[in-house]
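**Q** take a look and give me a structure for this.
(2 chains)
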Amino acid sequence: MSFFLVHVTHQFHTPHSSLLIHIMNNVFVYCETEGPNVLEVSQELLTKGRKLADKLGVDLHAIVAGSGIKGKVETQILPYGVDKLFVFEGNGLSPYTSAPHTDILVNLFKEERPQICLLGATVIGRDLGPRVSSSLTSGLTADCTQLEIGDYDEKKTGKHYDNLLYQIRPAFGGNIVATIVNPDHRPQMATVRSGVMQKALYEGQAKGEVVYPDVAKYVPEADYVVKVIDRHVEAAKHNLKGSPIVVAGGYGVGSKEGFELLFQLAKELHGEVGASRAAVDAGWADHDRQIGQTGVTVHPKVYIACGISGQIQHIAGMQDSGIIISINSDPDAPINKIADYVINGTVEEVVPKLIKYYKQNSK
Amino acid sequence: MKLKIVVLAKQVPDTRNVGKDAMTAEGTVNRAALPAIFNPEDLNALEQALRIKDQHPGSTVGILTMGPPRAGEIIRQGLYRGADEGWLLTDRKSAGADTLATSYFLAKGIEKIGNVDIVIGGRQAIDGDTAQVGPQVAQKLGLNQVTYAEEVMKIEDGKATIRRHIDGGVETVVAPLPVLITVNGSAAPARPCNVKRVMKYKYATCPMERKGDEPWSSLYARPYLTLGQWSIADCRADEAQCGLSGSPTKVKTVQNIVFQAKESKTLTGSDSDVESLVKELLDEKIIG
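**A** Residues are numbered from 1 along each chain as shown, chains lettered A, B, ... in the order given. Prediction:
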């Protein structure tokens, strides 16, 4: 057995090919499906992609690939302002495996030369994005919390770049926020978690063209080599992302039993329970309840932070909440600075009182 | 079936549960407050590798890491738990590498090792959380890839059967070797260090870790105490594709986080304070 390094020809990502870069430089969004349904995160990215395309004066293109999706996904994608949709319909494209979807993107991008490509920071997007970026030697930034267009001056070379994609994300365990750019390589790729962007139907006029390329021209037979032999997907057990009230627990909750109190409070308030990464790492809450940059982003009316210190990674996932209530025994916890109400006390002391007085006073 | 397994492992600053002391008064990251550790999910990957070895006698497990000389500690930690060998990729010119440049150097290291059946690493490292290096190495070597693995269930007829986590569920995939696998933190934890192996390998070092005047330096003549250490040139890699020059992504700005203080009401946990808060929230129909 031997390995070969795949040498990628630098067709459209060297500094000298800036002319080529400007020939076809649209914004692409990879849309993900589960069965015949387009994921919400993809629609959120379409809305963001539309804004970026408008700012750049280019078109928004979307790609979707799967089996049995033709005729079902188009109406879930076009209303978000898509000028051109590429539907790759074929056997072996669902369930997702890495190689066929990679080659669809790589070979389409060699033809289309997009300047930006956005993917959901889902299991699929985080499997696919890096493989595509490696194949095209383009830069990829994971789990962005903001995307903007702006200029960049390379200090070393003194070169000026117009209209780059600013890929903004917390880094180094969330202690800093970094703005990343890809000056010379295309496409500029970024993944974004579900719920970070807000989806909205496009009110302007988009071209809405749909094409159905021949999959065999993009995907060699050899790509269908990994087989999915068993698959179980359950509908989400909770609606954390859409809940108007979130009771979230951190390391200060202290135990799995402590989280039971949070569930009781959430039940009373008709809310959902979320958790910080520290609490999830400690095994007190399920992974799918993690709020923050590497978890879910929530925008509830009320956010009750119980024993959460407030690392920026966590803040990134809840800072747009309406009212923030922080319960913390540490009066200097960083989260207290963005809270509307700070209760100095332990979770086990305060939460039962919240439950008690809510029961007494609500009708 | 004898398998050659390489574990990708990274030494990372422990960014979990960092307290306020992680930031200096000037607002910069206080690296001294963060110990260097074996990236947690890479330990889960090591355990899967050792289990494969247990099931397939004659297989070998090697640790491949990239970093400064002190990252040799990662190889020792692997040897203590049952790995057979290890290599450190270290080169000043690889500094400042983003994920793409990192994956290039690692891929060249794996090529130099040669004839590898399984490359396995953690899903992501806690200092970057990108999950990009695994798939990028796989692409560069033309390997099949299976990410988010929970368990390598069996290796049979040149194929790996792997249970993996997907959004909202699990799936089982069969992937022909050679394959690159990334492992979730929810997979089985790593076995503890074996005391005999600690005794055997505690002085195992990369040449660059050695000063030469250590009291035990006479032991360095034992071949198993010299760990692999390769530069960019040793791996016949292209310097331009390593380090900063091989990184398409550039950091434009880095901001320290300063929270904009809101006007907040501060209460105690007393009954009267909590009750008045609940009443206020109810009156204003914030909760209902």
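
**Q** for chain B, what's its nearest residue on the stretch 251-363 of chain A.
**A** Closest residue of the stretch 251-363 of chain A to chain B, CB to the nearest CB: A:Gly345 (2.4 Å). The C-beta positions use only the backbone N, C-alpha and C, and glycine is treated the same way.

**Q** ramachandran angles for that residue?
**A** phi 180, psi 170 (degrees, to the nearest 10).

**Q** what ranges in the stretch 151-288 of chain B fall below the confidence cut-off?
**A** Filtered on pLDDT under 70, the stretch 151-288 of chain B yields the residue ranges B:257-262.

**Q** let me fix that: chain A
**A** The model of chain A has pLDDT under 70 over residues A:1-23, A:173-175, A:236, A:363.

**Q** please repeat the previous calculation with a cut-off of 80.
**A** A:1-24, A:171-176, A:234-237, A:363 (pLDDT under 80).

**Q** which residue sits closest to the residue of the stretch 251-363 of chain A closest to chain B, ignoring its sequence neighbours?
**A** In space, and not counting its chain neighbours, A:Gly345 is closest to B:Gly269: 2.4 Å by CB to CB, 6 or more residues apart in numbering or on different chains.

**Q** how many residues are close by the one you found?
**A** 19 (other CB atoms under 10 Å in any protein chain shown).

**Q** show me where the stretch 201-350 of chain A has its helices.
**A** A:256-269, A:277-281, A:312-315, A:347-361 (DSSP state H, counting those that start in this stretch).

**Q** just the stretch 151-288 of chain B next, same as before
**A** Applying DSSP H, counting those that start in this stretch to the stretch 151-288 of chain B gives helices spanning B:195-201, B:271-283.

**Q** output the contacting helices and strands for the last one.
**A** For helix B:271-283, the helices and strands in contact under the criterion 3 or more CB pairs under 8 Å, 6 or more residues apart in numbering or on different chains; DSSP states H and E are strand A:341-344, helix A:347-361, strand B:265-268.

**Q** swap the cut-off to 7 Å and go again
**A** Other elements packing on helix B:271-283 under the criterion 3 or more CB pairs under 7 Å, 6 or more residues apart in numbering or on different chains; DSSP states H and E are helix A:347-361.

**Q** the strands in the stretch 51-200 of chain B, which residues?
**A** For the stretch 51-200 of chain B, the strands defined by DSSP state E, counting those that start in this stretch cover B:60-66, B:85-89, B:118-122, B:144-156, B:159-166, B:169-176, B:179-183.

**Q** which residues touch the third one?
**A** Applying CB atoms under 7 Å, 6 or more residues apart in numbering or on different chains, the external contacts of strand B:118-122 come out as B:3, B:5-9, B:39, B:41-42, B:44-45, B:48-49, B:52, B:110, B:134, B:137, B:143, B:177-183.

**Q** contacting residues around the closest residue to B:Leu50 other than its chain neighbours?
**A** Leaving out its chain neighbours, the residue that sits closest to B:Leu50 by CB to CB, 6+ apart is B:Gly82, at 4.8 Å. Contacts for B:Gly82 (CB under 7 Å, 6+ apart) come out as B:50, B:61, B:191, B:194.

**Q** and the two most separated of those?
**A** Greatest spatial distance in the contacts of B:Gly82: B:Val61 and B:Asn194, 13.4 Å, computed using CB to CB.

**Q** tell me which of these two has more neighbours.
**A** Taking other CB under 10 Å, B:Val61 and B:Asn194 do not tie; B:Val61 has more neighbours (25 against 14).

**Q** just to revisit the earlier point, out of the helices of the stretch 151-288 of chain B, which gets nearest to B:Glu239?
**A** helix B:195-201 (32.2 Å).

**Q** tell me what the closest one is packed against?
**A** Against helix B:195-201 (3+ CB pairs under 7 Å, 6+ apart) you get helix B:72-81.
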